[in-house]
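*Asks:* Sequence below, structure please.
(4 chains)
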Number of protein chains: 2
Amino acid sequence: MSTARDVAKFAGVSIATVSRVMNFPEAVKPITRAKVEAAMLALNFRPNQMARALATNRSGVIAILVDYVGGGYYSMLLDALEQKARQRGFQTIIRCGNSNADDIYRSVKQLSGGQCDAIVACVPFMKENELKQLLQLQPNTVFMNCVSTAYRQHAIVVDNQLGTTLALENLYQHGHRCIGIMTGVEDNVENIERLSAVKAWFEKKALRFSDKWLISGNFCAENARHAIHQLLNQAPELTALFCFNDQMALGVMSYLQQQGEQLPERLSIIGFDNTEACAFTHPTLTSVEQPIQEMAHRAMNIIENMLNERSLQEQLPLVPSLINRHSVASLSKSM
Amino acid sequence: MSTARDVAKFAGVSIATVSRVMNFPEAVKPITRAKVEAAMLALNFRPNQMARALATNRSGVIAILVDYVGGGYYSMLLDALEQKARQRGFQTIIRCGNSNADDIYRSVKQLSGGQCDAIVACVPFMKENELKQLLQLQPNTVFMNCVSTAYRQHAIVVDNQLGTTLALENLYQHGHRCIGIMTGVEDNVENIERLSAVKAWFEKKALRFSDKWLISGNFCAENARHAIHQLLNQAPELTALFCFNDQMALGVMSYLQQQGEQLPERLSIIGFDNTEACAFTHPTLTSVEQPIQEMAHRAMNIIENMLNERSLQEQLPLVPSLINRHSVASLSKSM
DNA sequence: CTGAAAGCGCTAACAG
DNA sequence: CTGTTAGCGCTTTCAG
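*Replies:* Now for the predicted structure:
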């Protein structure tokens, strides 16, 4: 592999000039520049990013930390982040396998040794004090889908209260009063927010809410099958179900259909995330959409501000919207 | 951020000793080592990976190049690769947005500047001569799902002929003789292999195969909806369909069900990849599974051999299997 | 506009 | 077992 020194020798210039051609081409006389560029081509020169990073203390890469890369919501988010980062001249690298705070710490320790300039951490499972530790390891961090009171400048989050209300209100307007709730992972902050929004909504509506209407599906399709079975056993009066993510809604739908139930007649269902699969179920799935593009955009704004040592603004929760499809039946019609 | 020099000063040793504690702890007297480790802790020392990589010419990271990270097959593959790489002490980074040869070249040029030791490139769209170029840019490359005659030592691929045969044979045994084929992206080498396997199978069975039974869905669910509409128009005699990936099968199923068709009665369907969604459709989807774990395992073997400058063995195609579910009806029964 | 030289933080001989 | 020292390949003053 040829180095800048080789190029310099070949072009008959100094190594500093080679560096300038890479970084400030306008600062080099066109004719010299041409010689250098020719040499680069001839020697198939590719600058060593590690050396460059070491010298400048900048790598140009943003690391994204997630749990699984697969399916659902995060894969969409990752693609959005990659695209926005690229637009601003950053490379992105994704590290998966970060399912708890310790995984995150380990990853961050490695990555913050110069391997990246900033981190986007998808850490809905982290508590306030853990976020603090994370920021100590790497100040240039953005938390995605992470509710935080102390670090609002670093945290991008959707208005879960609104998302929840949109879903419940839609079911309500279709005549549903007995609405089941399938929650996700217990200490996931988004889960917590959505759950408390559910309770607030029922109170505001002065509707009875029974704890029997509540069940956990752990955000995962397979668990949702068992969960819905149990839920309908313990609360057969339910006519609708709000799932805290689409994966679970998918599990529920497939389970019920395997039991020979008609959807949405037997149960109206709304999911959360508006993943691609929503359009390809039968019936298609109504779901709450998170504004992924805007989230990715904000993440990059925060990062640029951090890297330029500008002060950060507090982030307001972003506005989700309900995407109406065919998984909700009007109660009057089906009765 | 503290450096090895700081640690050395703090511990009252030389910087070389600090380095040894990191790399060959046994080579340092326990008492010295303890002092150094204490200093590291006290100073919150994290070695600069870039400096280390520069000095050793090894980064410990494997880069994985894919197109989209989302949904289907690749997200499963990515998780498998990450896991296997981690087991062998490598970090992985994923770069998405590589949908053609030029994207790949650009990524590889950047990454091979010391940022990674090896690359796993998911490049079913690349031709033999493009693979050659890629290997010139970065010799330590593994091609995933990539048919190649010249670079078999670098290419991990599933036996597409067998996979295709398994699917068609299953339909045949359920009595189907008029079998539609939904292909993927035209110049995708896996697509090409599967298509020629289809034709070979029909010939071997001495069954008529009409070109009207063939349609492209571009590997994507949305396209599959239009494709199936057209296909059944031009060939209403079809009783079964083999889709070259699951995404398209999903699109087909949802479209037909929206048209009020019964599945699998109207059309028996088999997909390819056995993605997670297969278990959550209704009916559940029979699909050809690629041995992802084994593929990831082999990729890491090849990489270790390359990095240790051992000679590479030619890779034989891996063996896929058919996962039977409920999307295939017996023709006798449904008639 | 260009060159010389001093690092960036770490590793790896080589001495001792 | 430990310290000294010369790089790894690039950037960045500072002179000229």
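*Asks:* Which residue, other than its chain neighbours, is closest to the residue of the stretch 201-335 of chain A found nearest DNA strand C?
*Replies:* Closest contact between the stretch 201-335 of chain A and DNA strand C, by CB to the nearest atom of the strand, is at A:Leu307 (16.9 Å). No exception for glycine: its C-beta is placed from N, CA and C like everyone else's. The shortest distance from A:Leu307 to any residue other than its chain neighbours is 6.0 Å, reached at A:Asp117 (CB to CB, 6 or more residues apart in numbering or on different chains).
*Asks:* Please apply the same query to A:Cys146.
*Replies:* For A:Cys146, the closest residue by CB to CB, 6+ apart turns out to be A:Ala155, at 4.9 Å.
*Asks:* from what I can see the one you found touches A:Phe143, true?
*Replies:* Yes: using CB atoms under 8 Å, A:Ala155 is in contact with A:Phe143, at 4.4 Å.
*Asks:* Neighbour count: these two, which is higher?
*Replies:* Regarding A:Ala155 and A:Phe143, a neighbour count based on other CB atoms under 10 Å in any protein chain shown identifies A:Phe143 as having more, with 27 against 23.
*Asks:* and the helix or strand hosting the more buried one, which residues are buried?
*Replies:* Secondary structure assigned from DSSP states H and E places A:Phe143 in strand A:141-144. Using 16 or more other CB atoms under 10 Å in any protein chain shown as the test for burial, strand A:141-144 gives A:141-144.
*Asks:* which one of those residues is nearest DNA strand D?
*Replies:* Lowest distance from DNA strand D to the buried residues of strand A:141-144 (CB to the nearest atom of the strand) belongs to A:Thr141, with 23.4 Å.
*Asks:* Name the SS class of A:Met295, please.
*Replies:* Secondary structure for A:Met295, judged by DSSP: H, G, I helix; E, B strand; the rest coil, is helix.
*Asks:* Grab the nearest non-local neighbour of it.
*Replies:* Nearest in space to A:Met295, with sequence neighbours left out and distances taken as CB to CB, 6+ apart, is A:Ile156 at 5.3 Å.
*Asks:* any idea how far that neighbour is from DNA strand C?
*Replies:* When distance is defined by CB to the nearest atom of the strand, to the nearest Å, A:Ile156 is 30 Å away from DNA strand C.
*Asks:* now do A:Ala51
*Replies:* With distances defined as CB to the nearest atom of the strand, the gap from A:Ala51 to DNA strand C amounts to 7 Å.
*Asks:* Quick one, grab the pLDDT at that residue.
*Replies:* In the prediction, the pLDDT value recorded for A:Ala51 is 94.
*Asks:* neighbours of the nearest residue to it once chain neighbours are set aside, just the number please.
*Replies:* If the residues on either side of it in the chain are set aside, A:Ala51 comes closest to B:Leu54, at 5.3 Å by CB to CB, 6+ apart. Other residues near B:Leu54 number 20, with proximity taken as other CB under 10 Å.
*Asks:* Which helix or which strand is home to B:Leu54?
*Replies:* Under the assignment given by DSSP H and E, the secondary-structure element containing B:Leu54 is helix B:49-56.
*Asks:* Any idea how many residues pack against A:Pro291?
*Replies:* The local packing of A:Pro291 (other CB under 10 Å) involves 15 other residues.
*Asks:* Would you list the phi and psi of it?
*Replies:* Note on A:Pro291: backbone dihedrals following degrees, to the nearest 10 are phi -80, psi 80.
*Asks:* Helices of the stretch 1-150 of chain A, start to end?
*Replies:* Counting by DSSP state H, counting those that start in this stretch, residue ranges of the helices within the stretch 1-150 of chain A are A:4-11, A:15-23, A:30-42, A:49-56, A:72-87, A:101-111, A:128-137.
*Asks:* Identify the contacts common to A:Ala155 and A:Phe143.
*Replies:* Counting by CB atoms under 8 Å, 6 or more residues apart in numbering or on different chains, the contacts common to A:Ala155 and A:Phe143 are A:Leu131.
*Asks:* how about the helices of the stretch 1-150 of chain A, which one is nearest B:Ser14?
*Replies:* Nearest to B:Ser14 among these is helix A:49-56; the distance by CB to CB comes to 21.1 Å.
*Asks:* Chain B contacts on the stretch 1-150 of chain A?
*Replies:* Selection of the stretch 1-150 of chain A residues close to chain B by CB under 8 Å from any CB of the partner chain yields A:46-54, A:59, A:63, A:68-71, A:75-76, A:78-79, A:82-83, A:86, A:91-97, A:109-110, A:112-115.
*Asks:* For those residues, which ChimeraX command selects only the ones that are buried?
*Replies:* Burial among those is assessed by 16+ other CB under 10 Å; the matching ChimeraX selection reads:
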select /A:46,47,48,49,50,51,52,53,54,59,63,68,69,70,71,75,76,78,79,82,83,86,91,92,93,94,95,96,97,110,112,113,114,115
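*Asks:* that older thread, so does the helix holding B:Leu54 get close to DNA strand D?
*Replies:* Yes: using CB under 7 Å from any atom of the strand, helix B:49-56 reaches DNA strand D at B:51, B:54-55.
*Asks:* list the helices and strands that helix packs on?
*Replies:* Counting by 3 or more CB pairs under 8 Å, 6 or more residues apart in numbering or on different chains; DSSP states H and E, the packing neighbours recorded for helix B:49-56 are helix A:49-56.
*Asks:* hmm, who's touching the helix it packs on?
*Replies:* Looking at what lies outside helix A:49-56 - CB under 8 Å, 6+ apart - the contacts are A:59-60, A:114-115, B:48, B:50-51, B:53-54, B:59, B:110, B:113-115.
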